[in-house]
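Asks: okay, structure incoming, though there's no sequence with it:
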């Protein structure tokens with residue numbers, strides 16, 4: 001019987017965005033949190049790599065946020081690049 005309760009405060013937009021994605025996957029927020037906790041237990045830690053971004057990555061993130069130096073590319077162009 002499940003009886004533990006978790007309370008967390010997050011941005012409402014983030015919650016809505018994530019719940020929409022989870023819904024497409026056929027999962028509830030509770031199910032997703034349970035999967036995450038099971039993975040933490042199995043891996044004895046966070047189930048993905050956590051890193052502090054390097055200077056190049058930070059610069060790219062800042063450019064993307066500011067919409068600077070962004071180039072458009074189509075899916076077809078990306079696929080063509082993968083085939084090369």
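Replies: Structure received. Given the structure is predicted, the values throughout are model-derived calculations rather than measurements.
Asks: start to end distance for stretch 47-59?
Replies: Stretch 47-59 has an end-to-end distance of 27 Å (C-alpha to C-alpha, to the nearest Å).
Asks: next one: it to chain centre, how far?
Replies: Here stretch 47-59 is found 14 Å from its chain centre; the criterion is C-alpha atoms, centre = their mean, to the nearest Å.
Asks: for stretch 61-79, same thing?
Replies: Worked out by C-alpha atoms, centre = their mean, stretch 61-79 lies 18 Å from the chain centre.
Asks: quick one: buried residues of that stretch?
Replies: Residues of stretch 61-79 include none that count as buried (16 or more other C-beta atoms under 10 Å). For every residue, glycine as well, the C-beta is placed using N, CA and C.
Asks: mind listing the strands for this protein?
Replies: Using DSSP state E, the chain contains no strands.
Asks: can you tell me the closest non-neighbouring residue to residue 31?
Replies: residue 22 (7.7 Å; C-beta to C-beta, 6 or more residues apart in numbering).
Asks: what number of residues lie near that neighbour?
Replies: Close neighbours of residue 22, defined as other C-beta atoms under 10 Å, add up to 15.
Asks: same check, this time on the one 5 residues further on
Replies: Close neighbours of residue 27, defined as other C-beta under 10 Å, add up to 15.
Asks: burial check on the closest residue to it other than its chain neighbours, number of neighbours?
Replies: Counting by C-beta to C-beta, 6+ apart, residue 27 lies nearest to residue 35, which is 7.7 Å off, once chain neighbours are set aside. The local packing of residue 35 (other C-beta under 10 Å) involves 12 other residues.
Asks: what pLDDT does residue 35 get?
Replies: pLDDT recorded at residue 35 is 96.
Asks: now residue 69
Replies: 71.
Asks: could you report the pLDDT at the closest residue to it other than its chain neighbours?
Replies: Spatially, and ignoring its direct neighbours in sequence, residue 69 is nearest to residue 63 (5.1 Å; C-beta to C-beta, 6+ apart). Residue 63 is assigned 87 on the pLDDT scale.
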